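In: Mind looking at a prediction? Sequence and model below.
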Amino acid sequence: MVLYVVAALVAVFLAFAVVRALVDDDDDGDGGRDEATEPTDPADVGIQGSLSVFDVVEGDCLELPAGTASTEVLRVDKVDCGVAHDLEIYALVVHPGAAGDPFPGLDAIVGFADNECVARFEGFVGTSFEVSELDVFYLYPQEQSWSFGDREVVCGVSTVDGSPLTGSVEGSGR
């Protein structure tokens with residue numbers, strides 16, 4: 001089955017290359033592209049680079065991969081806070097579990113993350129979580145990362161409806 005999929009992908013690629021060569025009638029050798037159709041430079045849209053979730057710091061504004069609500073996240077895109085983004089990191093909290101301790105379970109980790117992130121929310125946003133128009137988003141250790149010593153919870157602020165944030169929400173009172 002894999003062989004058929006690979007063969008089909010090769011055939012599609014070759015067909016695309018042939019069509020592209022036939023359509024390219026310019027003389028500058030750029031494949032028919034001009035500046036107006038060039039891909040956008042990531043720096044022009046505020047993307048500062050892809051990061052491991054283990055490398056984010058307070059104040060980072062991030063774009064999450066599609067489908068993040070139901071998947072484990074390993075990498076995120078750091079963006080300029082002035083452009084649309086999914087969340088802003090406002091706290092990094094270390095779970096008190098010692099090295100070698102067994103994974104406490106998903107419910108315990110999520111409870112810890114929720115309590116710690118909500119407790120730090122008002123100090124960052126400037127209004128209590130209970131009355132805010134914003135929401136808490138957190139990344140927490142999974143069983144596998146826990147076994148490698150991961151104890152960090154990453155607290156982020158996002159919108160309740162999933163719409164993007166623009167600009168920092170620090171001290172916004174939202």
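Out: Now that the structure is in, tell me what you want to look at. Note that this is a predicted model, so its numbers are computed, not measured.
In: Just to be sure, A108 is in a strand?
Out: No - counting by DSSP: H, G, I helix; E, B strand; the rest coil, A108 is located in no strand; its state is helix.
In: And it, how close does it get to E143?
Out: 12 Å (Cβ to Cβ, to the nearest Å). For glycine as for every other residue, the C-beta is placed from the backbone atoms N, C-alpha and C.
In: repeat for T166
Out: For T166 relative to E143 (Cβ to Cβ), the value is 36 Å.
In: The particular helix or strand that has V153 in it - what's its average pLDDT?
Out: If you go by DSSP states H and E, V153 is part of strand 152-159. Averaged across strand 152-159, pLDDT comes to 95.
In: now do stretch 72-89
Out: Rounded mean pLDDT across stretch 72-89 is 90.
In: list the buried ones in it?
Out: V73, V76, D77, K78, V79, C81, V83, H85, D86, L87, E88, I89 (16 or more other Cβ atoms under 10 Å).
In: can you tell me which of the residues you listed are in strands?
Out: V76, D77, K78, V79, L87, E88, I89 (DSSP state E).
In: Report all helices and strands that the strand holding V153 contacts.
Out: Strand 152-159 makes packing contacts with strand 87-94, helix 106-125, strand 134-139 when contacts are defined by 3 or more Cβ pairs under 8 Å, 6 or more residues apart in numbering; DSSP states H and E.
In: what's the domain layout of this protein?
Out: 2-36, 42-159 (automatic domain parsing).
In: These: lowest mean pLDDT?
Out: Looking at those, the bottom one is domain 2-36 with a mean of 32.
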